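1. Provided below are the primary sequence and the corresponding predicted coordinates.
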Amino acid sequence: MQELRELAKKLLAEGAVKVVVGYAEGRQGVRPIFAATPEDADKLIFDPRCVQNLATYLSPRRAHVAALGKLAVVVKGCDAMAAAGMIREAQRKRDDFVLIGVRCGGVLADPRASAAVTEATVAARCPGCEVREPKIVDHLLGPLPPAPPGASALDARIAELDAMTPEERFAFWTSELAKCVRCNACREICPMCFCVRCVCDKSQPQWIESSPHARGNLAWHMTRALHQAGRCVGCGECERACPVGIPLSLLNRKVARVVAERFDYVVSDDPEKPAPIGTYRLEDDQEFIR
Amino acid sequence: MTRQMFISESALKSLAEELVKAGTRLVGPARERNGDLVYREASDLGEIELGGDPPTRSLKEFFLPPTEVLLTYRQKQGDVEVTPAPHVFAPLVVIGARPCDAAAVAAVDKVMDWDYHDELWFGRRLATTIVSVACGGGDASCFCTAVGLAPDSAKGSDVLLVPVEGGFHAEILTEKGEALVKAHAARFTEGGKAEAAKAYRDAARGKVQANLSADPAKIRAFLEAGFDHPIWKGIALRCHGCGACAFVCPTCHCFDIVDEPDSIERGTRRRNWDTCQAAKFTLHGSGHNPRNEQNCRIRQRMMHKFAIYPARFGEILCTGCGRCIRVCPGGMDLLETLDKLGRLPAGAPAEAKRGAP
Ligand code: SF4
Ligand code: SF4
Ligand code: SF4
Ligand code: SF4
Ligand code: SF4
């Protein structure tokens, strides 16, 4: 913690950055802080309640954050993958920001929780994580904690869904998606949903109906899931933001698996590795156009 | 003067049974499969939770649904045929509404009957009887007492129930409330248990009061003079502009109207929820956006709720339900913001007058 605060103060004092985006104690649980002064830097913390993916604040859509000047961002491995994704997709340049990496032992599902990381409390994305020591970062802090316990609840749930008949699976998703109110919170919080103009906002012509009815919701979630193929970093922020509790992580992780099988590609914090969505390879399986 | 009565737990259960049997829709806070507590239709009072956590979503969707059909149209060579949607307003009784949620629909009534009388809103309002249950004082996100309400406030309710030994002290507040009591007269006994209810009410009020004691008049004075105040420059840094706060808010009522074609000749006009927190809410066709960053959009939300609506309708457009705080993925905290604004002197410092945030 002291290491993080000292580094933040140094970066601010040297003028290397204008603001350090990190985590701080709020009235109820941990939340992001934008530290621009040594006093604010002294509030920085990192512990298993630091759930949020702060790389989202690097998104070119966040004008009020960009207006602050150059940022340093505290990143876990999953957050670093998002920063790398923005570089990979030419949204930001590596020199535009400073990344302060923290070695991670997994986080809780809820930033307001007070529990320790156990099999019962760990965020679904963490068990099996391979980026607990992010490589793309400028600074890497803290000792490496033990690996997150247990197996991912998402994998078990996906296995259950895979075992269903297509009709049963469709019924499951229909009932989940029926709850969607089209607030777009899942899109707005997502670090990889950085389009200034989303296809869903286009109205001439209207490709995706904006109404939260069965047809509109299906079109929206299919579109988003496919746009996240080979791009989603699995941070689970979309699901955490959803005010009606739709299990979006199931959809995204399933798509990520298909991409891994079909295109031999797993999202990482290496910005040089081209993503399948923007590349063409002769050896890609093309049975769908045959 | 409101009428005071008593209803036992078992009598309330029988009352609910009678309603369902008669074909009235029964709505109350009930669990979803994933454990969320939401207002939904129930077939039995046993499904309804009359205390505990505040429901994650508010009551507004029963009056302003997330999407609804306004009309259908057909067009052929310049001829247009428009068919209004056949709306039916079936009788509905809500049992277990939070007082803050009942108060919210009463506040929104004002704008729905302002420059335009919203027939769909009032069709549903008239068909609905709201039986609220005083809550135990909510959680750390609740601040109803700071906006002139309380965990036992009567605003917007037709009947208010306060838990007492063996049942509820009942206050019959409106004609709709009287009609409900008349139709189920055998379930109520005269007199009420006001004495027994008092301890519960006082404890609940005290609990919420401890969360926030800001003065709405001071906040309004600050907002009316402080459009250019430097605080707006950084107010929304954490905010993602996701709008989840507005969608769960019981008083946010903005909507968008869209035409969705089913073919070249036919289509449907719908209205859907919308929010001032979305970047495209004020995006002009020219590409210009007068609220070009999230700081301005948060200011708009504060202004609308705590200055503009009170100025126009004499009501604060916030009931302190705390849902925006519970739901916010960015850790924005309205209670904290109100506390801060309430402490600032009204009027912007001179040097800040230059640029808007
Ligand atoms: S996914 Fe990995 S890096 Fe991200 S919080 Fe979990 S353990 Fe940490
Ligand atoms: S889609 Fe969801 S899990 Fe994937 S990067 Fe976006 S917010 Fe994270
Ligand atoms: S956050 Fe949830 S309710 Fe909102 S658009 Fe996304 S899935 Fe739908
Ligand atoms: S205040 Fe929170 S819930 Fe509301 S738009 Fe901002 S991030 Fe979303
Ligand atoms: S805001 Fe007040 S009435 Fe509403 S749940 Fe909280 S304490 Fe109860």
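-> Looks like it arrived, so ask away. Numbers count the residues shown, from 1 in each chain, chains lettered A, B, ... in the order given. Ligands and ions are numbered 1, 2, ... in the order given.

2. Would you mind writing the CA trace of stretch A:281-290 as PDB?
-> In PDB, the C-alpha atoms belonging to stretch A:281-290 read as follows (Å, rounded to 0.1, in the frame of the first residue of the first chain):
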ATOM      1  CA  ARG A 281      -5.600 -16.100 -42.100                       C
ATOM      2  CA  LEU A 282      -5.700 -18.700 -44.900                       C
ATOM      3  CA  GLU A 283      -5.900 -21.500 -42.400                       C
ATOM      4  CA  ASP A 284      -9.000 -20.200 -40.700                       C
ATOM      5  CA  ASP A 285     -11.800 -22.700 -40.700                       C
ATOM      6  CA  GLN A 286     -14.400 -21.400 -43.200                       C
ATOM      7  CA  GLU A 287     -17.000 -24.100 -43.200                       C
ATOM      8  CA  PHE A 288     -19.700 -21.600 -42.800                       C
ATOM      9  CA  ILE A 289     -19.400 -20.300 -46.400                       C
ATOM     10  CA  ARG A 290     -18.900 -23.600 -48.100                       C
END
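
3. Please list the outside residues in contact with the helix or strand harbouring B:V94.
-> Here B:V94 sits within strand B:92-97, counting by DSSP states H and E. Applying CB atoms under 8 Å, 6 or more residues apart in numbering or on different chains, the set of residues contacting strand B:92-97 from outside is B:12, B:16, B:19, B:24-29, B:39, B:45, B:48-50, B:59, B:62, B:124, B:127-133, B:157, B:180. Heads up, the C-betas are built off the backbone N, CA and C, glycines and all.

4. do the same with stretch B:60-70
-> A:181-182, A:211-213, A:216, B:27, B:39, B:84-85, B:92, B:94, B:101, B:104-105, B:108, B:120-121, B:124-125, B:128, B:247, B:249-253, B:255, B:257, B:268-273.

5. From the residues you listed, keep the buried residues only.
-> Judged by neighbour count, with 16 or more other CB atoms under 10 Å in any protein chain shown as the criterion, the buried members of the contacts of stretch B:60-70 are A:181-182, A:211-213, A:216, B:27, B:39, B:92, B:94, B:101, B:104-105, B:108, B:120-121, B:124-125, B:128, B:247, B:249-253, B:255, B:268-273.

6. Return only those of these found close to ligand 1.
-> Taking CB under 6 Å from any ligand atom as the test, ligand 1 is in contact with none of the buried ones among the contacts of stretch B:60-70.

7. Now, those that are in helices?
-> Restricting the buried ones among the contacts of stretch B:60-70 to those inside helices, with DSSP state H as the criterion, leaves A:G216, B:D101, B:A104, B:V105, B:V108, B:L120, B:W121, B:R124, B:R125, B:F247.

8. The first one touches A:Q206, doesn't it?
-> So that's A:G216. No: contact between A:G216 and A:Q206 fails when scored by CB atoms under 8 Å: they sit 9.9 Å apart.

9. confidence score at residue 181?
-> Went with chain A since none was named. In this prediction, A:V181 carries a pLDDT score of 96.

10. Oops, wrong one, chain B.
-> 97.

11. Please apply the same query to B:A356.
-> For B:A356, the pLDDT comes out at 31.

12. With B:E293 instead?
-> The predicted structure scores B:E293 at 92 on the pLDDT scale.

13. In this structure it contacts A:A63, no?
-> Yes: taking CB under 8 Å as the definition, B:E293 is a contact partner of A:A63 at 4.3 Å.

14. Name the residue in those two with the higher neighbour count.
-> Remark: of B:E293 and A:A63, B:E293 carries more neighbours, 20 against 15, as counted by other CB atoms under 10 Å in any protein chain shown.

15. can you pull the contacts of the more buried one?
-> The contact partners of B:E293, by CB under 8 Å, 6+ apart, come to A:A63, A:H64, A:A67, B:A236, B:P357.

16. Likewise for A:P48?
-> Contact analysis of A:P48 by CB under 8 Å, 6+ apart lists A:G105, A:G106, A:V107, A:L108, A:A116, A:V117.
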